[in-house]
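Enquirer: The following comprises the amino acid sequence and a computationally predicted model.
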Number of protein chains: 2
Amino acid sequence: MAANYRRRKDIYTLPKADQDLLARLGYKQKLDEVDKAIEANAKFLSLIVQDPSIFGEGDEDSALEGDGSFSPGGEGSSHSHDHSHSHEGDHGHGHTHSHGSHGSRGTRSNKPSEFDMDKLRSTLKQFVRDWSEEGKEERENSYKPLKDALLEHFSSTPEAERRQLRVLVPGAGLGRLAYDVAKLGFTCQGNEFSHYMLLASHFILNRTDKIKEHIIYPYVHSFSNAPNKQSILQAIAIPDVLPSDLPPRSNFSLVAGDFEEVYGTESDPDEPQHGKWNAILTCFFIDTAKNIVNYLRIIHDILAPGGVWINLGPLLWHWENNQTSDPSIELDLEEVKQLAREMGFVISNERTIDATYTNNAQSMLGYTYNSRFWTATKMSSS
Amino acid sequence: MAANYRRRKDIYTLPKADQDLLARLGYKQKLDEVDKAIEANAKFLSLIVQDPSIFGEGDEDSALEGDGSFSPGGEGSSHSHDHSHSHEGDHGHGHTHSHGSHGSRGTRSNKPSEFDMDKLRSTLKQFVRDWSEEGKEERENSYKPLKDALLEHFSSTPEAERRQLRVLVPGAGLGRLAYDVAKLGFTCQGNEFSHYMLLASHFILNRTDKIKEHIIYPYVHSFSNAPNKQSILQAIAIPDVLPSDLPPRSNFSLVAGDFEEVYGTESDPDEPQHGKWNAILTCFFIDTAKNIVNYLRIIHDILAPGGVWINLGPLLWHWENNQTSDPSIELDLEEVKQLAREMGFVISNERTIDATYTNNAQSMLGYTYNSRFWTATKMSSS
């Protein structure tokens, strides 16, 4: 809204003749329409944040089948690596990985920072990716190979018995991949660190009653690379499916917290991790590591023998050149694969999949990740 | 170099077992090789800046045919819009359009800022785009349609008489498009604002004696999205052609300065602009405007009746969300075309060309601009 006010103000700095020309183009009218769309987004986002109970003692009136639990693990950690891959943000398309303490709680009455605003804009685009018809092509492209490889790996398990198989999705974002896996009948747990993603996924999973309940305008926040006015003002209806529509006795949960903290230690005797997971699906996740060695060690450790790690993503190391003196190890693809073998994985089914991430199909700027896909099986002997 | 030192230091923050694993992967050895490549880049860049005479009273011993003049217009202006489109910079791929006073002169003895470093990294990649065999495909894709449309527009002029036709290339970058146009026999003037581009283009055009004289390593500055070690350590030889290899009596010049200041006023009676240009080629340029109305007005004004403006590029408005309170008008494509018609242009030959900008073909992350191409003829009556 401030950006749009700035645009309106800028017009008046121009010579009168230029102002008249812009008026003839309908530029001011476009600004009015954008204002309305921004207001609609603000109203939608306020719905999301009006129920912060998930960070309290759980969420007992969840509409979601399954346990729907949000554990508060990881709260208080000082960094954010929500791998938002926001590519249409204000300064074009920076891969946002600013770091530092940016809690969404307790600061709501203050002026939101540019960081916060960027996260909100990313969240809107993430809704398109995970929960709209417009995002379907992008989802099919990334999620289907992961789900197919999962079904293939457990093809000898009858559908009725999939509930015995525990699947983990770290970096779950707005939860669609984890939901899809639960819908296939697996027991599925998503894990996510970002407050923005957690609040938003809670809202869509537990507070949505009907298909296309909400309309958002994810592309009004940048005027660059727009072929026309319609591309800026696109209205996206969410969700495309009913998130509560899961099979009876589904076991689907989302756990809040840092992946290394939640799964890298055996701190909770009630929830042992070592060797307890049958599959781990990582989608645009492993490059959120500061130390990829530790990520792969945890993934290997918590898998059951014969369990499978299925990966899709680029290697856009989120902590490269961080300003907070956090360590960052940035391996190339060959090194990552060699590391996986050293850990005790057998890699198969490897290929490159050109994938987009929160792509605006109508933009004049497109990003394609030449993502690498593989299935890595934990050797039974290890 | 500091980044690589940081990487080396980060290793020692890890547990011993992780360090040993990384050693087995050859990670430290890779860091050593990257150090050497960074040193080679530094040596090359120091060659470029050791001759700042171009900002003095001209360059009399230029090896370049034609006048090779650099006028110091625009010096002292407080912003930089070199449209570097640097997409592999440190923070991923921000379209660098930071603003503020960042002179390359007088600060050389101080610690270079992150802004300066980013510009240097962009300049290295720009060399690949304009003056290497590896950049040929990208050049053909963007420059050929522009040159073809120019030849088409003046197809009735015999080759021997092309020297009478004056072609302007604003945002000339490292000068390859302007050089190519001069090589076709046209009188061609490039215009560029960025000091980084000016120093580098001066070096390559006037200080290069043989093909493949220099080796640079443009991709050592980021470890993200690398498929293998070789992709990071790629050696690029420049130039791919001899820049002094122009036809006898060629008329080729580069003018330093802000486009609006140099061409938007009639301050120099020796160099009138109004109606004096037969063609203007804009390649990834028009979105550097703060006020696109003024850009198009100047382009229209300085063209001769029947003259042609040929454009290729996206609409990545460089001043959108600037931090310096500069005005910014961000039109969509339809509005830009309508504006051109209001100015008195007839648009033809319009199409979308998927173009890259300083793309690293080996990276796992690709950017494609769905660029718009058109030929706009100034109506003779206007």
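Expert: Ah, there it is.
Enquirer: Okay, now the sheet partners of the strand or helix carrying residue A:255, with direction.
Expert: In this assignment (DSSP states H and E), residue A:255 forms part of strand A:252-256. In the sheet, strand A:252-256 lines up against strand A:187-192 (parallel) (DSSP bridges).
Enquirer: any idea of the mean pLDDT in the longest strand seen in chain A?
Expert: With secondary structure taken from DSSP state E, chain A has its longest strand at strand A:365-378. The pLDDT scores in strand A:365-378 average 95.
Enquirer: Direction included, what does that strand pair up with?
Expert: strand A:303-313 (antiparallel), strand A:345-355 (antiparallel), strand B:365-378 (antiparallel).
Enquirer: So for residue B:115, which of those sits nearest?
Expert: strand B:365-378 (21.2 Å; C-beta to C-beta). For glycine as for every other residue, the C-beta is placed from the backbone atoms N, C-alpha and C.
Enquirer: how far does stretch A:164-184 stretch from start to finish?
Expert: Taking C-alpha to C-alpha, to the nearest Å, stretch A:164-184 runs 12 Å from one end to the other.
Enquirer: Please compute how far it lies from its chain's middle.
Expert: Its chain's C-alpha centre and that of stretch A:164-184 lie 12 Å apart, by C-alpha atoms, centre = their mean, to the nearest Å.
Enquirer: can you give me the mean pLDDT across that stretch?
Expert: In this model, stretch A:164-184 carries a mean pLDDT of 97.
Enquirer: Any buried residues in it, and which?
Expert: Buried residues in stretch A:164-184, counted by 16 or more other C-beta atoms under 10 Å in any protein chain shown: A:165-184.
Enquirer: follow-up on the earlier one: what would the strands paired with strand A:365-378 look like in a markdown table with mean neighbour count and distance to residue A:284?
Expert: Converted to a markdown table, the strands paired with strand A:365-378 look like this (neighbours: other C-beta atoms under 10 Å in any protein chain shown; distance: least, C-beta to C-beta, whole Å):
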| stretch | mean neighbour count | distance to residue A:284 |
| --- | --- | --- |
| strand A:303-313 | 21 | 4 |
| strand A:345-355 | 15 | 8 |
| strand B:365-378 | 21 | 12 |
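Enquirer: now the longest strand of chain A, how far from the chain's geometric center?
Expert: Taking mean C-alpha positions (C-alpha atoms, centre = their mean), strand A:365-378 and its chain are 15 Å apart.
Enquirer: Likewise for stretch A:253-263?
Expert: What separates the centre of stretch A:253-263 from the centre of its chain is 14 Å, taken as C-alpha atoms, centre = their mean.
Enquirer: which residues of chain A score low on pLDDT?
Expert: Along chain A, segments meeting pLDDT under 70 span A:1, A:51-111, A:267, A:381-382.
Enquirer: Three-state assignment for the residue nearest the centre of chain A, please.
Expert: Nearest to the centroid of the C-alpha atoms of chain A, with distances taken as C-alpha atoms, centre = their mean, sits residue A:173, at 2.7 Å. Three-state assignment for residue A:173 (DSSP: H, G, I helix; E, B strand; the rest coil): coil.
Enquirer: what about residue A:49, neighbour count?
Expert: 16 (other C-beta atoms under 10 Å in any protein chain shown).
Enquirer: State the phi and psi torsions of it.
Expert: Here is the backbone geometry of residue A:49 (degrees, to the nearest 10): phi -90, psi 0.
Enquirer: where's the closest residue to it other than its chain neighbours, which helix or strand?
Expert: Excluding the flanking residues, the one nearest residue A:49 by C-beta to C-beta, 6 or more residues apart in numbering or on different chains is residue A:199, at 6.1 Å. Per DSSP H and E, residue A:199 falls inside helix A:195-206.
Enquirer: Strand partners (parallel or antiparallel) of whatever helix or strand comes next after that helix?
Expert: Next in sequence after helix A:195-206, counting helices and strands by DSSP H and E, comes strand A:214-216. Strand pairing for strand A:214-216, determined by DSSP bridges: strand A:236-238 (antiparallel).
Enquirer: quick one: buried residues of the strand it pairs with?
Expert: Result for strand A:236-238 [16+ other C-beta under 10 Å]: buried residues A:236, A:238.
Enquirer: How about residues contacting it?
Expert: When contacts are defined by C-beta atoms under 8 Å, 6 or more residues apart in numbering or on different chains, strand A:236-238 is touched by residues A:127-128, A:131-134, A:204, A:212-218.
Enquirer: ok, so of those residues, who is nearest chain B?
Expert: Nearest to chain B, judged by C-beta to the nearest C-beta, of the contacts of strand A:236-238 is residue A:217 at 15.2 Å.
Enquirer: OK, contacts around the closest one?
Expert: Counting by C-beta under 8 Å, 6+ apart, residue A:217 touches A:37, A:38, A:40, A:41, A:124, A:233, A:234, A:235, A:236.
Enquirer: now residue A:363
Expert: The neighbours of residue A:363, taking C-beta under 8 Å, 6+ apart as the test, are A:88, A:219, A:225, A:226, A:231, B:370.
Enquirer: what about the second one, which SS state?
Expert: For residue A:219, the secondary-structure state derived from three-state DSSP is coil.
Enquirer: gap between stretch A:371-382 and the chain center?
Expert: On C-alpha atoms, centre = their mean, the centre of stretch A:371-382 falls 23 Å from the chain's centre.
Enquirer: Can you tell me what sits against it?
Expert: A:142, A:145, A:149, A:152-153, A:284, A:300, A:303-315, A:333, A:337, A:340, A:344-355, B:364.
Enquirer: Likewise for stretch A:272-285?
Expert: Defining contact as C-beta under 8 Å, 6+ apart, one finds that stretch A:272-285 is touched by A:83, A:85, A:142-143, A:146, A:150, A:153-154, A:165-171, A:177, A:181, A:186, A:263-266, A:299, A:301-305, A:307-314, A:357, A:369, A:371.
Enquirer: The closest residue to residue A:304 other than its chain neighbours: how many residues sit nearby?
Expert: Leaving out its chain neighbours, the residue that sits closest to residue A:304 by C-beta to C-beta, 6+ apart is residue A:275, at 5.1 Å. Residues contacting residue A:275 under the criterion other C-beta under 10 Å number 13.
Enquirer: One more: residue A:231?
Expert: The burial count for residue A:231: 18, using other C-beta under 10 Å.
Enquirer: so which strand or helix has it?
Expert: Using DSSP H and E, residue A:231 sits within helix A:229-233.
Enquirer: cool, and residue A:140?
Expert: Residue A:140 belongs to helix A:136-153, assigned by DSSP H and E.
Enquirer: From the chain's centroid, how far away is that helix?
Expert: In terms of C-alpha atoms, centre = their mean, the centre of helix A:136-153 is found 16 Å from the chain centre.
Enquirer: swap in stretch A:230-241?
Expert: Centroid separation for stretch A:230-241 versus its chain: 18 Å, with C-alpha atoms, centre = their mean.
Enquirer: Show the end-to-end separation of that stretch, please.
Expert: Using C-alpha to C-alpha, the two ends of stretch A:230-241 sit 25 Å apart.
Enquirer: hmm, back to that, measure the residue nearest to residue A:49 to residue A:50 for me?
Expert: 10 Å (C-beta to C-beta, to the nearest Å).
Enquirer: Among the two, which residue is more densely surrounded?
Expert: A side-by-side neighbour count of residue A:199 and residue A:50, using other C-beta under 10 Å, places residue A:199 first with 23 against 11.
Enquirer: Distance check, that one against residue A:213.
Expert: In terms of C-beta to C-beta, residue A:199 sits 17 Å off from residue A:213.
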